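Undergrad: The following block contains a protein sequence and its predicted model.
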Amino acid sequence: MVDPRNYTTRGDVNLIETHLRTGRPIKELAKSHEVSTSWLFKLLRRYRLEGTEGLAPRSRRPHHSPSRIVDRFEDEIVELHKQLADDGLDAGAQTIWFHLAKHHSRPPSASSVFRVLKARGFVTLEPKKRPKSSLHRFCADVPNECWQADMTHVQLANGDVYEVLNMIDDHSRLCVASRAMQVVKAPDVVRVLHNAAEIWGYPASFLTDNGLIFTTQRQHQVAGVTEQALFALGIEAKHSRPYHPQTCGKVERFHQTMKKFLAAQEGVETKKQLQRELDRFVPYYNEERPHRGIDRKTPAAAFAARAKAGPSPSFVKVGTRKLRMDRVDKSGRITLRHQSRLHHIGIGNAYAGWRVAMLVDGLDIEIVGLDGSPLRRLVLDPTKDYQRIP
């Protein structure tokens, strides 16, 4: 706000004219009219030097501002915005400030960067956009507490369509894997999971939608390849409810960011070229791009800041069912304790030595091999110690 004393009012001019006409002291006039004495003396000096033109309003703005943001950083801000936008990356004020801070010890504030972008016409205001205060975010407390995974389709410039499997850490938004394939299958999900875990460690839980590459229980009532691999590792399998993608919202949002980047790339016509661009994008996303959802930190920094969670092989819950791992004995049986009573369940001599997963929901029991093969379904009879093969 401009100081009102920078402007000469008609009353101030009248006081100067009264002094000149009557000879009344400046101090007396200032006191009786509650005006600054120094201000009236200043006006009087201007009048004597310049005449009535000296009483015109004058700005107190400095003639030169050595540290003015527009003079020092405007061109660099505009160039950074152009580079990021042309590469399909976020080019907002916070991201530009992040890059400036890496090269300057005293960069301009993010709000100053925003003003430059707005003045240049790079910002489109959204007054009806939903306020941040209305959002309720759900986030894992520590890294590797939960990974989100999903598959999305990417169409290249030549019309070819490939599938990209993305996995991110729920807490830090770190992209642990992004792999392009002709068609993603359940064994591919398991393979990518193992490869990602070699670098980042295994998660405690794995959240996906109900796609067949992740779960087959809704269609066949039998755990599929992906779930069996999770069971064997002690990783809890979680699934969103049907037609509710918001549950996996973080990986869904990552799809959008990835596709915006890919859309800006030229000459991508093969799966190999697509994977090369993904391999270029993921390190930038993890290590150089400040993320709005984690207080403008990079995902890599957020992932490294806390101790990591991990699998719990002793207990895994899948929906309402509990998982117990066992090995078929020489007689082709496994054991299960129900209400303090031990029961033996026949599987068959042919499966002696097999490692199996037992999914228990009350008295309903499903037994599958770790390769996903169904072995037996039964309703436990609590009155019998041995559950025969029908």
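TA: Cool, the structure landed.

Undergrad: Just the helices from this protein, written as ranges.
TA: 10-22, 26-33, 37-50, 69-86, 93-103, 110-119, 186-200, 217-220, 225-233, 249-263, 271-287, 299-304 (DSSP state H).

Undergrad: Next, count neighbours for residue 199.
TA: Neighbourhood size, residue 199 [other Cβ atoms under 10 Å]: 8. Every residue, glycine included, has its C-beta placed from N, CA and C.

Undergrad: What count of nearby residues applies to the closest residue to residue 37 other than its chain neighbours?
TA: Leaving aside its sequence neighbours, residue 37 sits nearest to residue 30 (Cβ to Cβ, 6 or more residues apart in numbering; 4.2 Å). With neighbours defined by other Cβ under 10 Å, the count for residue 30 comes to 18.

Undergrad: Check residue 57 too.
TA: 9.

Undergrad: can you pull the pLDDT of it?
TA: On pLDDT, residue 57 comes in at 73.

Undergrad: which ones are touching residue 330?
TA: With contact taken as Cβ atoms under 8 Å, 6 or more residues apart in numbering, residue 330 is in contact with 352-353.

Undergrad: According to the record, where do the domains of the protein fall?
TA: 4-55, 69-123, 147-304, 320-387 (automatic domain parsing).

Undergrad: Turn those into CSV, columns for distance to residue 140.
TA: Listed next are these as CSV, based on distance: least, Cβ to Cβ, whole Å:
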stretch, distance to residue 140
domain 4-55, 55
domain 69-123, 23
domain 147-304, 4
domain 320-387, 21
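
Undergrad: Please name whichever of the helices of the chain is nearest to residue 379.
TA: Shortest separation from residue 379 across these is recorded for helix 217-220, at 17.5 Å, computed as Cβ to Cβ.

Undergrad: Residue 139 is nearest to which of the domains of the chain?
TA: Between residue 139 and the domains of the chain, the shortest gap by Cβ to Cβ is with domain 147-304, which sits at 6.1 Å.

Undergrad: ok, back up a step: what's the closest of the helices of the chain to residue 178?
TA: Judging the helices of the chain by Cβ to Cβ, what sits closest to residue 178 is helix 271-287, at 4.7 Å.

Undergrad: helices or strands up against the closest one?
TA: Judged by 3 or more Cβ pairs under 8 Å, 6 or more residues apart in numbering; DSSP states H and E, the packing partners of helix 271-287 are strand 161-169, strand 175-181, helix 249-263, helix 299-304.

Undergrad: Low-confidence regions, the stretch 101-250 of the chain specifically.
TA: By pLDDT under 70, the low-scoring segments of the stretch 101-250 of the chain are 125-137, 217-223.

Undergrad: Tell me what residue 167 is bridged to.
TA: Beta bridges link residue 167 to residue 149, residue 177, judged by DSSP bridges.

Undergrad: one step back: present the helices and strands packed on helix 271-287 as CSV; the columns should include distance to residue 234 and mean neighbour count.
TA: Output for the helices and strands packed on helix 271-287, formatted as CSV (distance: least, Cβ to Cβ, whole Å; neighbours: other Cβ atoms under 10 Å):
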stretch, distance to residue 234, mean neighbour count
strand 161-169, 18, 21
strand 175-181, 18, 22
helix 249-263, 22, 17
helix 299-304, 21, 19
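
Undergrad: residues touching residue 365, list them.
TA: Neighbouring residues of residue 365 by Cβ under 8 Å, 6+ apart: 336, 345, 358-359, 376-380.

Undergrad: Show me what it is bridged to.
TA: Residues in beta-bridge contact with residue 365 (DSSP bridges): residue 360, residue 378.

Undergrad: do the same with the one 4 residues further on
TA: The residues paired with residue 369 through beta bridges, assigned by DSSP bridges, are residue 356.

Undergrad: Report how many residues lie close to it.
TA: 17.

Undergrad: Could you measure from it over to residue 292?
TA: Residue 369 sits 45 Å away from residue 292, going by Cβ to Cβ, to the nearest Å.

Undergrad: returning to what we had before: so who does the residue nearest to residue 37 touch?
TA: Counting by Cβ under 8 Å, 6+ apart, residue 30 makes contact with 15, 36-37, 39-40.

Undergrad: mind running it again at 7 Å?
TA: Going by Cβ atoms under 7 Å, 6 or more residues apart in numbering, residue 30 touches 36-37, 40.

Undergrad: got a list of what residue 179 touches?
TA: The neighbours of residue 179, taking Cβ under 7 Å, 6+ apart as the test, are 164-165, 192.

Undergrad: Mind doing that once more with 6 Å?
TA: For residue 179, the contact set (Cβ atoms under 6 Å, 6 or more residues apart in numbering) comprises 165, 192.

Undergrad: Per-residue pLDDT of residue 381, please?
TA: For residue 381, the pLDDT comes out at 93.

Undergrad: That one: what's its closest spatial neighbour, skipping adjacent residues?
TA: residue 387 (6.5 Å).

Undergrad: Relative to residue 327, how far out is the one you found?
TA: From residue 387 to residue 327 the distance is 17 Å (Cβ to Cβ).

Undergrad: before we move on, the earlier item: which of the contacts of residue 30 has the largest number of neighbours?
TA: residue 40 leads the contacts of residue 30 on contacts (other Cβ under 10 Å) with 19 neighbours.
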